[in-house]
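# Turn this into a structure:
(2 chains)
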Amino acid sequence: MTRHRRLGTFVLLLAGLIATPALAHEGGGAVGGFLSGFSHPIFGWDHVVAMVAVGLWGAFLGSPAIWILPVVFPLVMALGGALGVVGMPLPAVETGIAASAVVLGLLVAFKARPPLWAAAIVVGAFAIFHGHAHGTELPAAANPLTYAVGFVIATGLLHLCGIAFGLLVRWPAGKVAVQAGGGAIALAGLAFLTGLA
Amino acid sequence: MILRAACLAVVALLTPGHALAHGTITGTSDFYDGVFHPLTVPAHLLALLGLGLWLGQHRPRELERAIIGFAVSLIIGSALGMIGSVGEITPILLAAALALGLLVAAERHLAWLGAAVIAAGVGLLVGADSAPDGANALQARIITLAGTFIGAHLLLLNLMAIVSLSERAWSRIAVRITGSWVAAITILVLALNFQR
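From the prediction side, this is the model:
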């Protein structure tokens, strides 16, 4: 039986190796727009750390903040994005994005527990800057709709990464790790703010 | 047994054809053009996503009239679209998608009458905006609209079923987060529409 299983695995591997590639991809258009939008928050470290910090803070604050913050963020971010799309200027966008990492990182590092509405306002205010940065690039995207879909989904998945990491707060050592993560995010934000990174 | 399965898998893997998928749907029949129409028009897709998620959050008993209302109004809307021009519908559909996304995120239910009226409204708008180009033959246009009727229902009913079956706390939260994503994407699409 084991021999048969090994033979089966070997033949499957062999078949996989000699299979012809599936030519089912296209560079531009809808797929290009989606990939471009999806990669925008992921390849921008200033975005990544802030999104993860939102998830971490939500996990720290517990239910219902753990999911209300990731609901509030994309909605307000889209409003910021709409401002960017219609060309309404927003001062100091990059500074706002870097400051979001510093503030949210510090809030996690110091275990800040404001009321839910206050947390939502803080997160929402920073979301405007992140959205505006995405929004200004949106009209030039290969496919603006799929670009928007891509960057909203990527943002949500980054929150999820933060939430998953933040769930470690159940254990004492995990709580320290999450706070340290918040500290690291604040330092990264400081580096973005001062132009070191 | 395993060896036989492995041999079958080998045969299947050794004889793959090239997957020649393409981004735009070309070469399909009138019927399939209609089936895929709700998936390829952003305003329709977002409105149906929002409606499906929102109706799925209701109790099954409240859905009967909503489904009937949607089906009937989709037919009426299609007929109106066939008869003549119905004006600019996209912004209204996007506004409906935004409202539905927010209702999903807030998990706000309405009584059966409210759910039925909203479902009927979305059906009417989708139907009226789906009428094919008047240059096509009448029979081809009717076949396309029949495809749209089926495509819209496949999307709506599947979504409703998935959400209705999501009883665990985390899956209900996932639905609410998806609703906020629908609303967020709709805000951006509205902004793009406005910018043009």
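
# Next, name the residue at the spatial heart of chain B.
Nearest to the geometric centre of chain B sits B:L48, at 3.7 Å (Cα atoms, centre = their mean).

# how about it, what does it touch?
B:L48 makes contact with B:38, B:122, B:126, B:152, B:155-156, B:159, according to Cβ atoms under 8 Å, 6 or more residues apart in numbering or on different chains. Any C-beta I mention is one placed from the backbone N, CA and C, and that applies to glycine too.

# Which residue, neighbours along the chain excluded, lies closest to it?
In this structure, B:L48 finds its nearest non-sequential neighbour in B:L155, 5.2 Å apart by Cβ to Cβ, 6 or more residues apart in numbering or on different chains.

# Likewise for B:S78?
On the basis of Cβ to Cβ, 6+ apart, the spatially nearest residue to B:S78 that is not a chain neighbour turns out to be B:G127, at 4.0 Å.

# just how off-centre is the helix or strand that contains the one you found within its chain?
Using DSSP states H and E, B:G127 maps to helix B:112-128. The chain centroid and the centroid of helix B:112-128 are separated by 13 Å, computed with Cα atoms, centre = their mean, to the nearest Å.

# Run through who's touching that helix.
Contacts of helix B:112-128 from elsewhere in the structure, counted by Cβ under 8 Å, 6+ apart, are B:38, B:44, B:47-48, B:51, B:54-55, B:58, B:61-81, B:86, B:89, B:92-93, B:96, B:100, B:109-110, B:145, B:148, B:152.

# List the residues that contact the nearest residue to A:P64 once chain neighbours are set aside.
Of all residues not flanking A:P64 in the chain, A:L116 sits nearest, at 7.1 Å (Cβ to Cβ, 6+ apart). Residues in contact with A:L116 (Cβ under 8 Å, 6+ apart) are A:61, A:64-65, A:68.

# Now intersect those residues with the helices, please.
Here DSSP state H is the test, and the contacts of A:L116 give A:61, A:65, A:68 as lying in helices.

# show me the contacts for the second one.
By Cβ under 8 Å, 6+ apart, the contact set of A:A65 is A:57-58, A:116, A:119.

# Which of those residues sits closest to A:N143?
A:N143 lies nearest to A:G58 out of these, by Cβ to Cβ, at 31.1 Å.

# does that closest one sit in a helix or strand, and which one?
Counting by DSSP H and E, the element that carries A:G58 is helix A:45-61.

# Who are the contact partners of the residue nearest to B:L48?
Taking Cβ under 8 Å, 6+ apart as the test, what B:L155 contacts is B:38-39, B:45, B:48-49, B:52.

# how close does it get to A:T146?
Counting by Cβ to Cβ, to the nearest Å, the gap between B:L155 and A:T146 amounts to 18 Å.

# same question, B:S29
Between B:S29 and A:T146 the distance is 26 Å, computed by Cβ to Cβ.

# Those two: who's more crowded?
The neighbour comparison of B:S29 against A:T146 (other Cβ atoms under 10 Å in any protein chain shown) goes to A:T146, with 23 against 12.

# ok, now which ones touch A:I97?
Neighbour list for A:I97: A:46-47, A:50, A:126, A:129-130, A:133, A:192 [criterion: Cβ under 8 Å, 6+ apart].

# Average pLDDT for the helix or strand hosting it, rounded please.
A:I97 is part of helix A:93-109 when elements are defined by DSSP H and E. When pLDDT is averaged over helix A:93-109, the result is 93.

# just stretch B:177-186 next, same as before
93.

# re the thing from before, just the buried ones among the contacts of B:L155, please.
Restricting the contacts of B:L155 to buried positions leaves B:38, B:45, B:48-49, B:52, with burial counted as 16 or more other Cβ atoms under 10 Å in any protein chain shown.

# could I get those as TSV with pLDDT and secondary structure?
Below are the buried ones among the contacts of B:L155 laid out as TSV (pLDDT from 0 to 100; DSSP: H, G, I helix; E, B strand; the rest coil):
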residue	pLDDT	secondary structure
B:P38	91	helix
B:L45	94	helix
B:L48	96	helix
B:L49	96	helix
B:G52	96	helix
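
# from those residues, which is closest to A:L138?
The closest of the buried ones among the contacts of B:L155 to A:L138 turns out to be B:L45 (Cβ to Cβ; 17.9 Å).

# give the contact list for that closest one.
Contacts here follow Cβ under 8 Å, 6+ apart; on that basis B:L45 touches B:38-39, B:155.

# just A:Q179 next, same as before
A:108-111.

# The helix or strand containing B:L98 - what's its average pLDDT?
Element membership for B:L98 (DSSP H and E) is helix B:90-106. Mean pLDDT, taken over the full extent of helix B:90-106, equals 94.

# Kindly report the same for stretch A:55-70.
Averaged across stretch A:55-70, the pLDDT comes to 87.

# isn't A:I153 right up against B:V182?
No - applying Cβ atoms under 8 Å as the test, A:I153 and B:V182 come out as separate, 11.3 Å apart.
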